[in-house]
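S.K.: sequence unknown, structure follows:
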């Protein structure tokens, strides 16, 4: 089994910054892509950013250069640095990871964290 544990969420004023962290643990052979998504109450899960093991990153349109994703391969950890936060950034932020757990098979499975609440006050 694989567990993803997020941290760093909380309440921040508009214009402020937060840094989210997510660490994967468990039966991990390797991790390909790690990412961040968010979901508002009643809304769909939205892509924020992903980063591959080789360092390639991809961002959702709503980020618009305000967020930056990074990764510590040795610690199986992904970070999301968020700046210039807006009230519309308020959501539950979820971490994801494509994880290989079986050394005999080249198969990756997608895992999700439990989510961390980010609230931006106006």
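M.R.: Now that the structure is in, tell me what you want to look at. Given the structure is predicted, the values throughout are model-derived calculations rather than measurements.
S.K.: every contact and neighbour count from this point should use C-alpha atoms.
M.R.: OK.
S.K.: do a quick rundown of the strands in this structure.
M.R.: 2-7, 10-13, 18-26, 30-39, 46-51, 57-59, 67-72, 77-82, 91-100, 109-112, 116-121 (DSSP state E).
S.K.: buried ones in the third one?
M.R.: It stands for strand 18-26. 18-24 (16 or more other CA atoms under 10 Å).
S.K.: reformat these as a markdown table; add distance to residue 108 and pLDDT.
M.R.: Putting these into a markdown table (distance: CA to CA, whole Å; pLDDT from 0 to 100) gives the following:
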| residue | distance to residue 108 | pLDDT |
| --- | --- | --- |
| 18 | 30 | 98 |
| 19 | 27 | 98 |
| 20 | 24 | 98 |
| 21 | 22 | 98 |
| 22 | 18 | 98 |
| 23 | 17 | 98 |
| 24 | 14 | 98 |
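S.K.: specify which member of those is nearest to residue 120.
M.R.: For the buried residues of strand 18-26, the minimum distance to residue 120 (CA to CA) is 10.0 Å, reached by residue 18.
S.K.: so how far is residue 118 from the closest one?
M.R.: 9 Å (CA to CA, to the nearest Å).
S.K.: between the two, what contacts are shared?
M.R.: 9, 12 (CA atoms under 8 Å, 6 or more residues apart in numbering).
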